[in-house]
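**Student:** what's the 3D shape of this:
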Amino acid sequence: MRPSRPEPQKVLGYITLVCGEVVTGDDESLIADLDYRYRQYPAVKIARLAVDKSVQNEGLGRQLVDLALGIAKHEVSRSVGCRFVIVDSKRNAVKFYEKCGFTMLDTQANRDREEPVMFVDLSKVD
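**Tutor:** Presented below is the predicted three-dimensional model:
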């Protein structure tokens with residue numbers, strides 16, 4: 001008799017973080033409530049976020065974003081001084097990221113992008 005094999009494990013979700021930046025160009029009004037006005041701000045970027053279809057709409061995506069925000073605020077920003085978490089959101093994920101506290105970078109060019117840039121100010125994250 002062969003020993004029984006364990007059920008294969010399946011990845012249900014993942015998130016990846018990379019270094020990034022928010023670029024405002026000459027429009028200082030893109031990001032409100034900043035003490036210092038620059039054209040570029042260091043950021044952590046959510047490069048990939050995926051949740052298996054079998055567990056979508058069960059809160060795993062939100063938990064992964066919360067994990068990323070916590071890592072960015074409590075680990076990364078203390079070491080390298082970044083202020084924002086950004087994401088190039090797919091159109092069908094904009095509302096999801098808004099529910100997670102992200103704001104779309106408010107320019108016509110960004111709103112017209114296939115994957116608009118959205119951001120969270122880490123100084124406003126608990």
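
**Student:** So which residues of this structure form helices?
**Tutor:** 60-71, 77-80, 94-99, 108-112 (DSSP state H).

**Student:** To residue 53, which of these lies closest?
**Tutor:** helix 60-71 (11.4 Å; CB to CB). Every residue, glycine included, has its C-beta placed from N, CA and C.

**Student:** Which elements pack onto the closest one?
**Tutor:** strand 13-23, strand 40-51, helix 94-99 (3 or more CB pairs under 8 Å, 6 or more residues apart in numbering; DSSP states H and E).

**Student:** where in the chain is pLDDT low?
**Tutor:** Residues of the chain that meet the criterion pLDDT under 70 lie in 1-2, 5-7, 25-36.

**Student:** What are the contacting residues of stretch 94-112?
**Tutor:** For stretch 94-112, contacts defined as CB atoms under 8 Å, 6 or more residues apart in numbering pick out 22, 27, 30-31, 61-62, 65-66, 69, 85, 87, 89, 116-120, 124-125.

**Student:** ugh, wrong one, I meant stretch 69-89
**Tutor:** Under CB under 8 Å, 6+ apart, the answer for stretch 69-89 is 17, 19-22, 41-46, 49, 68, 97, 101-102, 104, 113, 115-123, 125.

**Student:** Start and end of that stretch, how far apart?
**Tutor:** End-to-end span of stretch 69-89 (CA to CA, to the nearest Å): 16 Å.

**Student:** for stretch 52-60, same thing?
**Tutor:** First-to-last distance for stretch 52-60 - CA to CA - comes to 9 Å.

**Student:** if we can go back for a sec, of the helices of the chain, which is nearest residue 8?
**Tutor:** Taking CB to CB, helix 60-71 is the member of those nearest to residue 8, at 19.1 Å.

**Student:** how about the closest one: buried residues?
**Tutor:** 60-61, 64-65, 68-69 (16 or more other CB atoms under 10 Å).
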